[in-house]
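> Take this sequence and fold it.
(chains A, B, C and D)
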2 protein chains.
Amino acid sequence: MENLSERYERILNAIVLNYVHSAEPVGSRTLSRNAAFQLSPATIRNVMADLEDLGLLCQPHTSAGRIPTDKGFRYYVDHLMELQELPELPQTVQENIRKACGAHRGNMEEMLKEGIMVLSRLVPYVSVVSLPHFNQTRLKHIRFVRLNDHQIMAILVSDAGSVQNVLFEVDTAFAQDDLNRFSNFLNQMVDGLTLEGVKRKIFTQMEADKNAYDNMMSQVVQLSRKMFDQQADDDSEIMINGKLNILEHPEFADFERMKQLFHAFEEKNIMIKLLDEAQKGEQLQVIIGSENQCEEMNFCSVVMAGYGREGQPMGKIGIIGPTRMEYSRIIPLVRCTADIINQLMET
Amino acid sequence: MENLSERYERILNAIVLNYVHSAEPVGSRTLSRNAAFQLSPATIRNVMADLEDLGLLCQPHTSAGRIPTDKGFRYYVDHLMELQELPELPQTVQENIRKACGAHRGNMEEMLKEGIMVLSRLVPYVSVVSLPHFNQTRLKHIRFVRLNDHQIMAILVSDAGSVQNVLFEVDTAFAQDDLNRFSNFLNQMVDGLTLEGVKRKIFTQMEADKNAYDNMMSQVVQLSRKMFDQQADDDSEIMINGKLNILEHPEFADFERMKQLFHAFEEKNIMIKLLDEAQKGEQLQVIIGSENQCEEMNFCSVVMAGYGREGQPMGKIGIIGPTRMEYSRIIPLVRCTADIINQLMET
DNA sequence: GTTGGCGCTCTATGCCGATGAGTGCTAATC
DNA sequence: GATTAGCACTCATCGGCATAGAGCGCCAAC
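Down below sits the predicted model:
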């Protein structure tokens, strides 16, 4: 999309702002009254007609005002929003977020949960976050606990503070003391690896070790193997907050559309796909309306940012709202929240 | 409510059945056409007027048919439904449930989750379950894991298969070997107690032990104490499934009402209160419409049954639907599901 | 290039009357 | 005394119609 002339941009900008605010088609007269323009409605109409030809605006029906198309919003986000420098998030709001998240330092899941709760209190949209994939976080501890003769529970602690428990069965009984020795041994062996890495290491070791039946290594490997057989190769987890917020917006007064959207919220896979989309390594992404792959969410936009530690991306946090969303407010908010989370994770 | 004569009961029954099916007010003509009655519309009208005086029926407006009031549904559930013997749940359905839940034996949370998922696939309502309160389940294992010099994670395994992790800080560093010895010692000490009981025991011991600083007992008690300080005295947990089902019913086409209901679903406390209501130790409870304390749910009915082990109640499982609910189908379903869960837990 | 003016389109609103379902009451019937 | 047929009445719903208002496109004039 090549650039528009200044007048065109100003008018497009005004239409977007107006529509974001009112949720109603914007007419030429309304814009003309807006002091900033010294133009008559007729002139504005001409411009609007051109913008419509370019695919940036559309009319719900003849004789209604114009509303921005997805493409119009895209132009606004890419070209116009930056003209007006985005307001830094007020310090009080930043502190608000930092405090909420900071209260749960050490437990990443709680921290992120708190984070999206704050977000959906701050804005009338839905907030969403994908948790770090357990298998890809670094393992801090493995420990085996004997439940009874046949059952053992493995407890995996990642350095992100999350914990996974794996219950598995064994043929021969182990004493807890033995299990403790195994745990210690294993912990040394896997130090600093991701769970993924541990798995690989165990399976290679098993190959190498085929004939040695009695030493510690062999027993540990056997046990770990049993555990990995049980361990759910968990999908990413998603948390959503503030679903009800979205009902306040007139675009979802339509019952069918609302049902579709809520259906999408309930389907974890849809949400995962949404957050994984367009993973171009960009820090902040904005997906507008039908740009997103998921049909149920064609009337929504998503603003999301990656978070992580030491440059390693771990997940995304974002806000979902109607296409008619306050981008200029949401974008700094999401960016800032991701920053705060990054900072909290480094410490 | 004293008993009605047979004719009155038959007409009330017919109105309930009709209304449950159609969601429309039922008129005298409709009933009269129903072959079972040999009565003219006029006669039926007289009966209906009497039932209205008794508060069992009401009219949305003059010249509309009648719909049962909450009181009418209550009479139906208490007196009429049992006349027609409730159909036993078909074997195939029972197997269906048993298979779904049985796949997760040993992990109660998963089992219950699966249970409510099956329920809300079977009926067009919302299913809900309260998880056993962790503090009240018997403890099977405690284990301390050293994370670093200052942090220890305690891992609590209940015999219900659920696990709680408690992260806490200590001033002095412990070696993992010491922690293992503590764990073993503590496990012997608390065998068979609930977490609640362990807590009491630790705190009494602490009193008794005030001056002994060096022995194992004293160290274990200190450590446990630190843990309990951190351990969230968790509220009961609730799981809900099939929220979208409820949108299919015309009573929730009203936007405001729907929003209220979804709000209630999101508020854990409301749901807990709902499930705890009328805890008269009855095996199966039916709460109809405004009988329930929570205003947001005045248009809903709840059918729920307790589940537990060895006679000990642990939680409830139930179905939430519009007041106009298929009680005669839901009640056996909920009862049977609770039975299946009970059986699976005993083994 | 800009503007005022005119005719046109389309939606929203409110009113009207017809329709139909269902009631309550009364008088006749079993 | 219970039951019923009949009738007048009420009320919600729906389609038709006219009106008002917002907004556009186009054209001619500035």
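> List the buried residues in stretch A:170-182.
For stretch A:170-182, burial by neighbour count (16 or more other Cβ atoms under 10 Å in any protein chain shown) applies to A:170, A:176, A:179-182. (Glycine included, C-beta is placed from N, CA and C.)
> Mind listing what's buried along stretch A:26-45?
A:26-28, A:30-32, A:37, A:39, A:41, A:43-45.
> Tell me if it is near DNA strand D.
Yes - contact of stretch A:26-45 with DNA strand D (Cβ under 7 Å from any atom of the strand) involves A:26-30, A:41-42, A:45.
> Which pair of the residues you listed spans the longest distance?
Checked with Cβ to Cβ, these reach their widest spread between A:Val26 and A:Ala42, with 15.7 Å between them.
> Relative to chain B, how far out is whatever residue of chain A ends up closest to DNA strand C?
For chain A and DNA strand C, the shortest gap (Cβ to the nearest atom of the strand) falls at A:Ser63, measuring 2.8 Å. Here the criterion is Cβ to the nearest Cβ, to the nearest Å. By it, A:Ser63 lies 28 Å from chain B.
> returning to what we had before: pull the most distant pair out of the buried residues of stretch A:26-45.
Longest span within these, Cβ to Cβ: A:Val26 and A:Thr43, 15.2 Å.
> near chain B, which residues of chain A show up?
Residues of chain A found near chain B (Cβ under 8 Å from any Cβ of the partner chain) are A:106-107, A:140-141, A:143, A:145-147, A:151, A:153, A:155, A:157, A:161, A:163, A:165, A:167, A:176-177, A:180, A:184, A:243-244, A:247, A:253, A:255, A:259, A:262-263, A:266.
> Please pick the buried ones from the residues you listed.
Among those, those classed as buried by 16+ other Cβ under 10 Å are A:107, A:140-141, A:143, A:145-147, A:153, A:155, A:157, A:161, A:163, A:165, A:167, A:176, A:180, A:184, A:243-244, A:247, A:262.
> Mind listing what's buried along the helix or strand encompassing A:Lys113?
According to DSSP states H and E, A:Lys113 maps onto helix A:108-122. By neighbour count on 16+ other Cβ under 10 Å, the buried set for helix A:108-122 is A:108-109, A:111-120, A:122.
> Reformat the residues you listed as CSV; add distance to DNA strand D and pLDDT.
Shown next, in CSV, are these (distance: Cβ to the nearest atom of the strand, whole Å; pLDDT from 0 to 100):
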residue, distance to DNA strand D, pLDDT
A:Met108, 49, 84
A:Glu109, 48, 85
A:Met111, 46, 92
A:Leu112, 43, 94
A:Lys113, 43, 95
A:Glu114, 43, 96
A:Gly115, 40, 96
A:Ile116, 37, 97
A:Met117, 38, 97
A:Val118, 37, 97
A:Leu119, 33, 97
A:Ser120, 32, 97
A:Leu122, 31, 96
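> What is the nearest of those residues to A:Ile288?
A:Ile288 has its nearest neighbour among the buried residues of helix A:108-122 in A:Leu119, at 19.1 Å by Cβ to Cβ.
> Would you agree the closest one is in contact with A:Thr337?
Yes - A:Leu119 lies in contact with A:Thr337 (Cβ atoms under 8 Å); the separation is 6.3 Å.
> Spell out which residues of the stretch 1-150 of chain A are next to DNA strand C.
A:38-40, A:42-43, A:46, A:61-64.
> And those, which is the shakiest by pLDDT?
pLDDT across these is lowest for A:Gln38, at 82.
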